[in-house]
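S.K.: Pasted the sequence and its predicted model underneath.
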There are 2 protein chains.
Amino acid sequence: MPSFKLTYFDVRGYAEPARILFHLAGVAFEDKRITHESGDWEKMKDKTPFGQLPVLTVDGLDIPQSAAIIRYLANKFGYAGKTPEEKAWADAIVDQFKDFMNSFRQLIMAQRAGKSADEIAKISSDVAMPARDSFFKIIEDLLKKSKSGFLVGDGLTFADLVVVENITTLEKNKFFTASENPTIAALREKVYAVPAIKNWVATRPDTQF
Amino acid sequence: MPSFKLTYFDVRGYAEPARILFHLAGVAFEDKRITHESGDWEKMKDKTPFGQLPVLTVDGLDIPQSAAIIRYLANKFGYAGKTPEEKAWADAIVDQFKDFMNSFRQLIMAQRAGKSADEIAKISSDVAMPARDSFFKIIEDLLKKSKSGFLVGDGLTFADLVVVENITTLEKNKFFTASENPTIAALREKVYAVPAIKNWVATRPDTQF
């Protein structure tokens, strides 16, 4: 195996599915976490390929963009889908997730920018909640048609990891309620029951995002 | 070869790199174009996997999401990158493009929503132009380091197609000027000089987007 270093902030966020893939495959990696307090990010930003994190470093080669990183590891470790068509479907679900997050983050940005309660309520009702609800419907419909209980084919793929980690973050921030979304909650239980994942989830740093 | 149908609106947009890949590989496909006037989209929307186009249909299996479709075809036809690391880099560039477009489209949405000239100017200067300029810088820096003149490795990948088609659309809408961006313009010349692409570009429907 090559040497792997995953550099990200000290949150689960966009990098957590990559961390889970390493634990699932039992492959050692450096889990490098940058804290805002350290000032390290300002120093290293211009040295990253796109001025962003996460970055995966494989034997010295930097790879940027979370979905590219996760897909790369999923292909290497056998969690990308079993056929070209399954791989395309896993990719499509991850892209749909990214589109949802691009709408949803407008709410987070408005909150961070200290916009008025009225403005935040409007972004929530006009943009963020409709985006969440239509994404949830897509995921629920896929799960209802699934014979395996996973999103693609008959086994775990990185698409399951991306969706499940996002659900955990939404729940921590009061945007997901397991009892109201039992189908999606069942996917998370199934994924978190995989022994290597269960062990990592029980011991990993507990972060809000 | 399986039977392929690509369904999209009557524009280049997010589907054009897929069309180019078919022409490049010399593989027959149905280039199904939905016009807004026909009312066909309203009728078929609920039957698509995610309520969106493009959709690629492969022997009856629908695959949604443009990047997933383009990557699937690129892998099938040999334009996804030659190594796992090249594939990850092509993916990363396409994801960076998508992030740029998610910012840039706020300008298009504001124009379509009939916002005031002041609001549009503010979105342009605060969001769309900075997003464009930082994306262009990433692409230029990659091209300056490239030995082949392509974005990834020593040959054409779907990342080149995605960037080049976007440049063509930005230019048609006065957001790209070849003389001001010679490095990116040179990539487009190189890609459009490939005989199968040259032929398609010369004969394809000429659309604004």
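M.R.: Structure's in. What do you need?

S.K.: need the contact list for A:Val162.
M.R.: Taking CB atoms under 8 Å, 6 or more residues apart in numbering or on different chains, we find A:Val162 in contact with A:Pro17, A:Ala67, A:Ile70, A:Ile93, A:Val94, A:Phe97. Heads up, the C-betas are built off the backbone N, CA and C, glycines and all.

S.K.: By neighbour count, which of these wins?
M.R.: A:Ile70 (30 neighbours; other CB atoms under 10 Å in any protein chain shown).

S.K.: which SSE is A:Ile123 in?
M.R.: Using DSSP states H and E, A:Ile123 sits within helix A:117-123.

S.K.: Output the next helix or strand after that helix as CSV, nothing but the C-alphas.
M.R.: Note on helix A:117-123: by DSSP H and E, the next helix or strand toward the C-terminus is helix A:129-145. Extracted C-alpha coordinates of helix A:129-145, given in CSV (Å, rounded to 0.1, in the frame of the first residue of the first chain):
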residue,chain,number,x,y,z
MET,A,129,-36.0,22.9,3.5
PRO,A,130,-37.4,22.2,0.0
ALA,A,131,-33.8,21.1,-1.1
ARG,A,132,-33.6,18.8,2.0
ASP,A,133,-37.1,17.4,1.4
SER,A,134,-36.6,16.6,-2.2
PHE,A,135,-33.2,15.0,-1.5
PHE,A,136,-34.7,12.9,1.3
LYS,A,137,-37.5,11.8,-1.1
ILE,A,138,-35.0,10.6,-3.7
ILE,A,139,-33.0,8.7,-1.1
GLU,A,140,-36.2,7.1,0.4
ASP,A,141,-37.5,6.1,-3.0
LEU,A,142,-34.2,4.4,-3.8
LEU,A,143,-34.2,2.6,-0.5
LYS,A,144,-37.8,1.4,-0.9
LYS,A,145,-36.8,-0.1,-4.3
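
S.K.: hang on, the earlier thing: flag every buried residue along the helix holding A:Ile123.
M.R.: If you call a residue buried by 16 or more other CB atoms under 10 Å in any protein chain shown, then helix A:117-123 has these buried ones: A:Ile120, A:Ile123.

S.K.: Would you mind naming what in chain A lies close to chain B?
M.R.: By CB under 8 Å from any CB of the partner chain, the part of chain A that sits against chain B consists of A:49-51, A:58, A:61, A:63-69, A:71-72, A:75-76, A:84-85, A:87-89, A:91-92, A:95-96, A:98-99, A:102, A:134, A:138.

S.K.: quick one, domains of chain A?
M.R.: In terms of domains, chain A is parsed into A:4-78+A:198-202, A:84-193 (source: the TED database).

S.K.: Would you mind putting these into JSON lines with mean pLDDT and distance to B:Phe150 alongside?
M.R.: As requested, the domains of chain A are arranged in JSON lines below (pLDDT from 0 to 100; distance: least, CB to CB, whole Å):
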{"stretch": "domain A:4-78+A:198-202", "mean pLDDT": "97", "distance to B:Phe150": "17"}
{"stretch": "domain A:84-193", "mean pLDDT": "96", "distance to B:Phe150": "22"}
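
S.K.: In three-state terms, label the spatially most central residue of chain A for me.
M.R.: The residue lying closest to the centre of chain A (CA atoms, centre = their mean) is A:Val162, at 3.7 Å. Classification of A:Val162 using DSSP: H, G, I helix; E, B strand; the rest coil returns helix.

S.K.: Check A:Leu56 too.
M.R.: strand.

S.K.: what's the answer for A:Phe175, then?
M.R.: Secondary structure of A:Phe175, reduced to three states by three-state DSSP: coil.

S.K.: Look up phi and psi at it.
M.R.: phi -110, psi 0 (degrees, to the nearest 10).

S.K.: you'd agree A:Thr7 is in a strand?
M.R.: Yes - per three-state DSSP, A:Thr7 lies within a strand segment.

S.K.: correct me, but it touches A:Thr57?
M.R.: Yes - judged on CB atoms under 8 Å, A:Thr7 makes contact with A:Thr57 at a distance of 7.0 Å.

S.K.: Give me the more crowded residue out of those two.
M.R.: Neighbour comparison, A:Thr7 and A:Thr57: the larger count goes to A:Thr7, with 20 against 17 (by other CB under 10 Å).

S.K.: and that one, what does it touch?
M.R.: Listed by CB under 8 Å, 6+ apart, the contact set of A:Thr7 reads A:Lys32, A:Ile34, A:Met44, A:Thr48, A:Leu53, A:Pro54, A:Val55, A:Leu56, A:Thr57.
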